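Asks: below is the structure, and that's it, no one-letter string:
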């Protein structure tokens, strides 16, 4: 499965199942903290290993959307994408 995880003014296109509240917050925390000297994925805790950031996906492949409130405003492009998903029946879960 592929979805979008939105955190304030940032977003991630994510490969993995729809995360619950706790997992979504843990993923946001993991992916928003800069970890100097490490490669992405090398510090991922085992309980989060089934989710990964993907850089190439078709918007038609997105199956879920989660919004974790954070700093900054959601960009116009992400707002448009969320609207497109809603039109397809995929409602963003705000946690």
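Replies: Received it, and whenever you're ready, just let me know what you need. None of the values given here were measured: they were computed from a predicted structure. Residues are numbered from 1 along each chain as shown.
Asks: strands of the protein, start to end?
Replies: With DSSP state E as the criterion, the chain has strands at 2-7, 10-15, 52-53, 62-68, 93-94.
Asks: of all the ones you listed, which one comes closest to residue 26?
Replies: For residue 26, the closest of the strands of the chain is strand 62-68, at 10.1 Å, according to Cβ to Cβ. The way it works is simple: take the backbone N, C-alpha and C, and place the C-beta from them, glycine included.
Asks: is it true that residue 53 touches residue 32?
Replies: No - using Cβ atoms under 8 Å as the test, residue 53 is too far from residue 32 to be in contact (11.4 Å).
Asks: what's the burial count for residue 88?
Replies: Residues lying near residue 88 (other Cβ atoms under 10 Å) number 12.
Asks: quick check: the gap between residue 44 and residue 72.
Replies: 24 Å (Cβ to Cβ, to the nearest Å).
Asks: so where do the helices sit in the protein?
Replies: With helices called from DSSP state H, the chain shows them at 21-32, 76-87.
Asks: reformat those as JSON lines; add mean neighbour count, distance to residue 11 and mean pLDDT.
Replies: JSON lines is the format used below for these (neighbours: other Cβ atoms under 10 Å; distance: least, Cβ to Cβ, whole Å; pLDDT from 0 to 100):
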{"stretch": "helix 21-32", "mean neighbour count": "16", "distance to residue 11": "10", "mean pLDDT": "94"}
{"stretch": "helix 76-87", "mean neighbour count": "13", "distance to residue 11": "5", "mean pLDDT": "96"}
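Asks: distance to residue 49 added to the ones you listed, as TSV?
Replies: Formatted as TSV, the entries for the helices of the chain read as follows, by distance: least, Cβ to Cβ, whole Å:
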stretch	distance to residue 49
helix 21-32	11
helix 76-87	26
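Asks: among those, which comes closest to residue 95?
Replies: That would be, of the helices of the chain and by Cβ to Cβ, helix 21-32, which comes in at 4.4 Å.
Asks: pLDDT weak spots in the protein?
Replies: Counting by pLDDT under 70, the chain shows low-confidence ranges at 34-42.
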